[in-house]
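Visitor: Model the structure of this input:
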Amino acid sequence: MIMGSRISVCRSKRKTACVIEKYEVVPEVENQYLAQEEVRRRSLDSEGDARSLTRLYDIGENLSRIGQNKVYSGVRISDGAPIAVKKLLKKKVVAWGELTGKPVPLEICLLDKLKHITGVIKMLDYFEDYDCFNVVMERPDPVADLDCVINQRGLMDEPTARRLFRQIVNVVINIMTAGVVHRCIIAKNILVDQAGFIRLINFGYGAFLKNNVFDTLPGDALYHPPEWIQHKKYHPRSTTVWTLGIILYFMMHATMPFRTSDSILNDKPWLLSNLSPELKILINRCLSKGTLERIKLEQIPRNYWMNIGYDSSCRDEISRHCSRVSFNEYVDVEDMG
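Guide: Residues are numbered from 1 along each chain as shown. From the prediction side, this is the model:
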C-alpha cells in the first residue's frame, strides 16, 4: 500500500493576515497572482522550476486526487528514494504565505516550518510552474493510512493503540509548540508505516496558531466538536482534543462514536465493556461536551492510561516538554462573544 492513495483533501477558505518569523500570509495575494500571471508564464520557460523537477525526480503514476489537486508517485533520480509529488493548482489555493521573498501556498510555508518535527511528513523540495506548485515529499513504502489500517484489521488491542496514540499526541503538541494548527486531524491524514511509526500529512487546512477563536472549521463533519455545531467558532486546542478523542475511539471500536450533529450534541459515546477503566476515562474526558470539562491537550501525555508500560524517564521527558507549552486559552467558547 502506498501513501498517495490514502491522502484526503483539506482546503481552507480562510485568508488571515499573520506574520510568524519569515512567513507572511497575504490576504490579497490572489489578485497579485492574477496581475502577474503573464509575467510568470513567460519567466517559467524551459529552464524554469518545472523542468528542474523532472531533472531531479522521475515522476510516475497518478496516485490520488485531493480535491482539484493530484498526487503522483515517483523516485529521486540520484538515489532511487521513493517520493510523492503533490500538485497545488494556483487557481485553487485559498491561503497564501511568503517564503524566501516569494508568495507560495500557505501549505508550503507550514511544511517548511515543521520540517524538524518527527512525525510530520517531510517536504523535500517544491517547484513552481506557471499554473501550479509541485510539492515533493517523502513517501514511506509500504505505508497505509490509519483509516485503512483499522478498516482492514478491525479493533486494536490497547498496547497497539497506546503506541500509536502516544505518537499522534506528541506530534500534535510539537506542531502547536511551533505555532501551527493542523485543523484536519482525521484517521485518513495519519500514515502508519510498516514499523508502526506515524506521519501526519495534508496540511492544506493548516494555519498559524493564534490565541483567539477560529470561525472556520474544514474537514470531516464527523470529527466536528459540539462548540462548532452550536456557535460556529472554536478554540484550536480544545477542538484538537475532541478530534483526538474521536481517533482514539475509532481505533478501539472500528466505528465512529457519533453519526449526526444531534448525536454529537446530545449523546454519550458507547464504549465496549472490555475496555480498561482507565481507557474509558480518557475517551470520555476527550469527548466531554463542554470545553471547560474536556481534558487539556497538555494533560493527555500525563494521563495514566497513556503511560502504562512506559518507564518514568519517558513520563519525565513528556512532562518537561509539556511544561514548555503555553496553554492559556481555556475559557468557554460562549464567553468569547
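Visitor: could you measure the residue lying closest to residue 269 once chain neighbours are set aside against residue 283, distance?
Guide: Leaving aside its sequence neighbours, residue 269 sits nearest to residue 257 (C-beta to C-beta, 6 or more residues apart in numbering; 3.9 Å). For glycine as for every other residue, the C-beta is placed from the backbone atoms N, C-alpha and C. Remark: distance between residue 257 and residue 283 (C-beta to C-beta, to the nearest Å) = 8 Å.
Visitor: which element is the residue nearest to residue 269 on?
Guide: When elements are assigned from DSSP states H and E, residue 257 belongs to no helix and no strand.
Visitor: what about it, how many neighbours?
Guide: Applying other C-beta atoms under 10 Å, we find 20 residues neighbouring residue 257.
Visitor: Same question for residue 274.
Guide: Residue 274 has 8 neighbours, counted by other C-beta under 10 Å.
Visitor: ok now do it, which residues does it touch?
Guide: Listed by C-beta atoms under 8 Å, 6 or more residues apart in numbering, the contact set of residue 274 is empty.
Visitor: where along this structure do the strands fall?
Guide: Secondary structure of the chain (DSSP state E): strands at 18-20, 23-25, 57-66, 69-76, 82-89, 96-99, 102-105, 123-128, 132-138, 143-145, 180-181, 190-193, 198-200, 207-208.
Visitor: Can you tell me the closest non-neighbouring residue to residue 109?
Guide: Residue 109's closest residue in space is residue 97 (C-beta to C-beta, 6+ apart), at 3.6 Å.
Visitor: partners of that neighbour in the sheet?
Guide: Beta-bridge partners for residue 97, by DSSP bridges, are residue 104.
Visitor: coming back round to it: can you add mean neighbour count and mean pLDDT and give the strands of the chain back as JSON lines?
Guide: Below are these laid out as JSON lines (neighbours: other C-beta atoms under 10 Å; pLDDT from 0 to 100):
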{"stretch": "strand 18-20", "mean neighbour count": "14", "mean pLDDT": "30"}
{"stretch": "strand 23-25", "mean neighbour count": "19", "mean pLDDT": "39"}
{"stretch": "strand 57-66", "mean neighbour count": "16", "mean pLDDT": "80"}
{"stretch": "strand 69-76", "mean neighbour count": "20", "mean pLDDT": "90"}
{"stretch": "strand 82-89", "mean neighbour count": "22", "mean pLDDT": "95"}
{"stretch": "strand 96-99", "mean neighbour count": "21", "mean pLDDT": "94"}
{"stretch": "strand 102-105", "mean neighbour count": "19", "mean pLDDT": "95"}
{"stretch": "strand 123-128", "mean neighbour count": "20", "mean pLDDT": "95"}
{"stretch": "strand 132-138", "mean neighbour count": "21", "mean pLDDT": "95"}
{"stretch": "strand 143-145", "mean neighbour count": "23", "mean pLDDT": "93"}
{"stretch": "strand 180-181", "mean neighbour count": "23", "mean pLDDT": "96"}
{"stretch": "strand 190-193", "mean neighbour count": "22", "mean pLDDT": "96"}
{"stretch": "strand 198-200", "mean neighbour count": "23", "mean pLDDT": "97"}
{"stretch": "strand 207-208", "mean neighbour count": "21", "mean pLDDT": "94"}
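Visitor: any idea how far residue 97 is from the most centrally placed residue in the chain?
Guide: The centre of the chain sits closest to residue 182, judged by C-alpha atoms, centre = their mean, with a distance of 4.1 Å. Distance of residue 182 to residue 97, computed by C-beta to C-beta: 16 Å.
Visitor: same question, residue 288
Guide: According to C-beta to C-beta, residue 288 stands 34 Å off from residue 97.
Visitor: Residue 113 too?
Guide: Counting by C-beta to C-beta - residue 113 and residue 97 are separated by 9 Å.
Visitor: Please apply the same query to residue 123.
Guide: In this view, residue 123 and residue 97 are 13 Å apart by C-beta to C-beta.
Visitor: May I see the buried residues of stretch 289-309?
Guide: 289, 291, 294-298, 300-301, 303, 305-307 (16 or more other C-beta atoms under 10 Å).
Visitor: do the same with stretch 270-281
Guide: 275, 279-280.
Visitor: wait, what's in contact with the spatially closest residue to residue 163 that is not a sequence neighbour?
Guide: The shortest distance from residue 163 to any non-neighbouring residue, by C-beta to C-beta, 6+ apart, is to residue 196 (6.4 Å). By C-beta under 8 Å, 6+ apart, the contact set of residue 196 is 160, 163-164.
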